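Undergrad: Make a model of this:
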Amino acid sequence: MHDAALERPWRHDARAASLVGLAHLTSHFFQMLLPPIYPALMHEFGIGYTQAGFLATVFFTISSSGQALAGFVVDRAGAYRVLLLGLGLLVAAGLMLAMSHSYGGLVATAALAGAGNAMFHPADFTILNRRVSPARLGHAFALHALSGNLGWAAGAAFMAAVSAAAGWHVAGLGAALVALASLLFLLTQSASLDAAGQPGAGKLARSGTAAATPDGQFAFLGSLTVWLCFAFFFLATGAGGILQNFAPALLAHVYGVTLAAGAVCLTAYLLGSACGTVLGGFVAGHERRSERVVAVALCSAAAIALLLSTALLPALLLAPAMFLVGVGSGTASPSRDLLVRQAATSQFGAASFGRVYGFVYAGLDSGLAVAPLLVGQLLDRDDFRAGLMTIAALQVGAVLVALRVGRRL
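TA: Numbers count the residues shown, from 1 in each chain. Modelled structure (predicted):
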């Protein structure tokens, strides 16, 4: 099959990957729209950990279901248009937070942000697979994952700092302006992102039998490999979602440190994940068996998470330990994305990128939706060590599924 991306020089690959990275950074920025201000919201509205976790559940439930649908829209209407729609919905979510004066307003904020977040993975990966040379996809996926980690870190720092200085309403308005700036900039970049205008795009869109008939459009749902990829994301990101939402509280109660110290440990985890992602990009480019990279990286992260749950580490080692958990999770990211690409192209061809990525990455959002709600109930019963053990168990489960995927390819 001829792929126009094969003929593109590195600077065009780098530009497309960087622009997609900016969009992905913005989406992850909004995944941290609410968690950093949970303490303020819990105090103002008199809610507990379970109700706070429910906001994350709303966000990721809508993102999960919307993501699966967005994949079909991407394949028919184009990834670039869907990407812009997602940014517009994030602008609306920030404005909704700024205007909220009840718990219901917070739920509406989470719903809007989740709908916006649903657009990015199917759009992002379709653009990358069609606009970046196959030989550079490992690095492009690493940049994509790295931008997401940076978005988490930026969102957490921004929301916490602006909320402390001017209140969470102002922080919501500021977040809306961040998404608006990204939207306006990417509106000027259609030449680099709109695959519909790319030479050979029509041929690429018609390749593969999955798109030939209406029944063929849903053929991927009969693939055990696709369902295993869904399960992998559900387990792996459920573990990460627990840390993102509750790491400060978990460490504060298990080790007796302050919430501020716990927040520093969360930052260390996010930075470690970013560093691991950079490393993972190089590893993915040299190791063809992606599932092996995923297994080693996530097993390392799980072992450290299990060690944290014992409450035996000195407080001074908490931040380094969280950093290493992040390194393990981040190193697995580019290889997991290549694993999904192998699963998509081995059976359904390039025409199915949007729907396969949309469905598989719905598992990511499903894990992020369910895990905070379940662990929030553990925390409301003061069972904080069980929360840390749950993280390790989910990561081990993800390893087992990844190895099964690798055996089927």
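Undergrad: what about the strands in the chain?
TA: Taking DSSP state E as the test, none of the chain falls into strands.
Undergrad: Show the average pLDDT along whichever helix in it runs longest.
TA: As assigned by DSSP state H, the longest helix anywhere in the chain is helix 224-255. Averaged across helix 224-255, pLDDT comes to 86.
Undergrad: Show me which parts of that helix are buried, residue by residue.
TA: Going by neighbour count (16 or more other Cβ atoms under 10 Å), the buried part of helix 224-255 is 225-255. Where C-beta positions appear, they are placed from N, C-alpha and C, glycine not excepted.
Undergrad: Compute the first-to-last residue distance for stretch 127-137.
TA: Its start and end residues considered, stretch 127-137 measures 11 Å (Cα to Cα, to the nearest Å).
Undergrad: Show me the shaky parts of the stretch 251-400 of the chain.
TA: Applying pLDDT under 70 to the stretch 251-400 of the chain picks out residues 285-288, 343-353.
Undergrad: mind listing what Val178 touches?
TA: Each residue near Val178 by Cβ atoms under 8 Å, 6 or more residues apart in numbering is listed here: Thr26, Phe29, Gly94, Phe158.
Undergrad: Count the neighbours of the closest residue to the first one other than its chain neighbours for me.
TA: Spelled out, that is Thr26. If the residues on either side of it in the chain are set aside, Thr26 comes closest to Ser182, at 4.4 Å by Cβ to Cβ, 6 or more residues apart in numbering. The local packing of Ser182 (other Cβ atoms under 10 Å) involves 22 other residues.
Undergrad: Would you mind listing the residues in contact with Ser182?
TA: The contact partners of Ser182, by Cβ under 8 Å, 6+ apart, come to Leu22, Ala23, Thr26, Leu87.
Undergrad: Would you format these as a markdown table with pLDDT included?
TA: Putting the contacts of Ser182 into a markdown table (pLDDT from 0 to 100) gives the following:
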| residue | pLDDT |
| --- | --- |
| Leu22 | 96 |
| Ala23 | 96 |
| Thr26 | 97 |
| Leu87 | 97 |
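Undergrad: Could you identify the most distant pair in those residues?
TA: Within the contacts of Ser182, two members stand farthest from each other by Cβ to Cβ: Leu22 and Leu87, at 9.9 Å.
Undergrad: Which one's more surrounded, those two?
TA: Remark: of Leu22 and Leu87, Leu87 carries more neighbours, 25 against 16, as counted by other Cβ under 10 Å.
Undergrad: still on that earlier bit, separation between the residue nearest to Thr26 and Leu259?
TA: 31 Å (Cβ to Cβ, to the nearest Å).
Undergrad: same check, this time on Leu177
TA: When distances are taken as Cβ to Cβ, Leu177 and Leu259 turn out to be 28 Å apart.
Undergrad: Over to Cys265?
TA: Between Cys265 and Leu259 the computed distance is 10 Å (Cβ to Cβ).
Undergrad: more crowded one of those two?
TA: Counted by other Cβ under 10 Å, Cys265 and Leu259 do not tie: Cys265 has more neighbours, with 26 against 13.
Undergrad: The closest residue to the more buried one other than its chain neighbours: neighbour count?
TA: Closest residue in space to Cys265, ignoring its immediate chain neighbours: Met322 at 4.4 Å, by Cβ to Cβ, 6+ apart. Here the count is done by other Cβ under 10 Å, and Met322 has 27 residues near it.
Undergrad: Surely Met322 is in contact with Leu266?
TA: Yes. Here Met322 reaches Leu266: they are 7.1 Å apart, a contact under Cβ atoms under 8 Å.
Undergrad: hey, what's in contact with both of those two?
TA: Both Met322 and Leu266 are in contact with Leu243, Ala247, where contact means Cβ under 8 Å, 6+ apart.
Undergrad: How about the contacts made by the residue nearest to Thr126 when sequence neighbours are not counted?
TA: Distances taken as Cβ to Cβ, 6+ apart put Ala79 closest to Thr126, at 4.2 Å, once the chain neighbours are dropped. Neighbouring residues of Ala79 by Cβ under 8 Å, 6+ apart: Pro122, Ala123, Asp124, Thr126, Ile127, Arg130, Leu193, Ala195, Gly354.
Undergrad: pLDDT-wise, what's the bottom of the residues you listed?
TA: Across the contacts of Ala79, the smallest pLDDT goes to Ala195, namely 57.
Undergrad: Most neighbours out of the contacts of Val178, which is it?
TA: Highest neighbour count within the contacts of Val178: Thr26, with 29 neighbours (other Cβ under 10 Å).
Undergrad: thought that residue was touching Leu90?
TA: Yes. Under the criterion of Cβ under 8 Å, Thr26 makes contact with Leu90 at 6.5 Å.
Undergrad: joint contacts of these two?
TA: In the contact map built from Cβ under 8 Å, 6+ apart, the residues linked to both Thr26 and Leu90 are Ala179.
Undergrad: if we can go back for a sec, and for Cys265 and Leu259, which residues touch both?
TA: Both Cys265 and Leu259 are contacted by Pro248, under the criterion Cβ under 8 Å, 6+ apart.
Undergrad: what's the pLDDT at the residue nearest to Thr126?
TA: If you check Ala79, the pLDDT there is 90.
Undergrad: what's the answer for Ala92, then?
TA: As summarised for this prediction, Ala92 has a pLDDT of 97.
Undergrad: so who does it touch?
TA: Leu112, Gly116, Ala176.
Undergrad: Tell me which residues touch the first one, please.
TA: Leu112 is in contact with Leu89, Leu90, Ala92, Ala93, Met96, counting by Cβ under 8 Å, 6+ apart.
Undergrad: ok, and the most crowded of the residues you listed?
TA: Per-residue neighbour counts (other Cβ under 10 Å) across those peak at Leu90, which has 30 neighbours.
Undergrad: does that residue really touch Gly172, like I thought?
TA: No. Here Leu90 does not reach Gly172: they are 11.4 Å apart, not a contact under Cβ under 8 Å.
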